[in-house]
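In: Show me the folded form of this:
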Amino acid sequence: MAGKKTVKKSNKIEDMRVKSDDQLTGDLGDLKREAFNLRFQAATNQLERPARIKEVRRDIARIKTLQTERTRATVKA
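Out: Have a look, this model is predicted:
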């Protein structure tokens, strides 16, 4: 079962790597907005899928990591 999660995660990362910087920035904004809405729903006990908070936080971290990698690669070159 752990193999399926690994494949799914690597597909997300690869999908993100293909996107441009502008697309990643747009996705990051959308995810931050969703995270805010999920926190608000959690505070008012209206959250349907609590696991979604964790997914969104990890996707935000993935995008920020990619942005940092690209920034460092640009500075290094």
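
In: per-residue confidence at Gln41?
Out: Gln41 is assigned a pLDDT of 97 by the prediction.

In: again, but for Thr68
Out: The model reports Thr68 with a pLDDT of 96.

In: secondary structure element for it?
Out: helix 51-76 (DSSP states H and E).

In: so how far is that helix from its chain's centroid?
Out: Centroid separation for helix 51-76 versus its chain: 7 Å, with C-alpha atoms, centre = their mean, to the nearest Å.

In: ditto for stretch 32-40
Out: 13 Å.

In: Next, name the residue at the spatial heart of this protein.
Out: Asp59 (1.6 Å; C-alpha atoms, centre = their mean).

In: Now do the same for it: its pLDDT.
Out: For Asp59, pLDDT reads 97.

In: Would you agree it is in contact with Leu24?
Out: No. Using C-beta atoms under 8 Å, Asp59 is not in contact with Leu24, being 10.8 Å away. Any C-beta I mention is one placed from the backbone N, CA and C, and that applies to glycine too.

In: Scan the helices and strands of the chain for the one with the lowest mean pLDDT.
Out: Ranked by mean pLDDT, DSSP states H and E, the weakest helix or strand in the chain is helix 2-18, scoring a mean of 75.

In: Helix or strand next in line after it, which one?
Out: Assigned by DSSP H and E, the successor of helix 2-18 is helix 21-43.

In: Okay, buried residues for that following helix please.
Out: Under the neighbour-count criterion of 16 or more other C-beta atoms under 10 Å, helix 21-43 has 24, 27-28, 31, 34-35, 38, 41 buried.

In: Kind regards, and thank you for your time.
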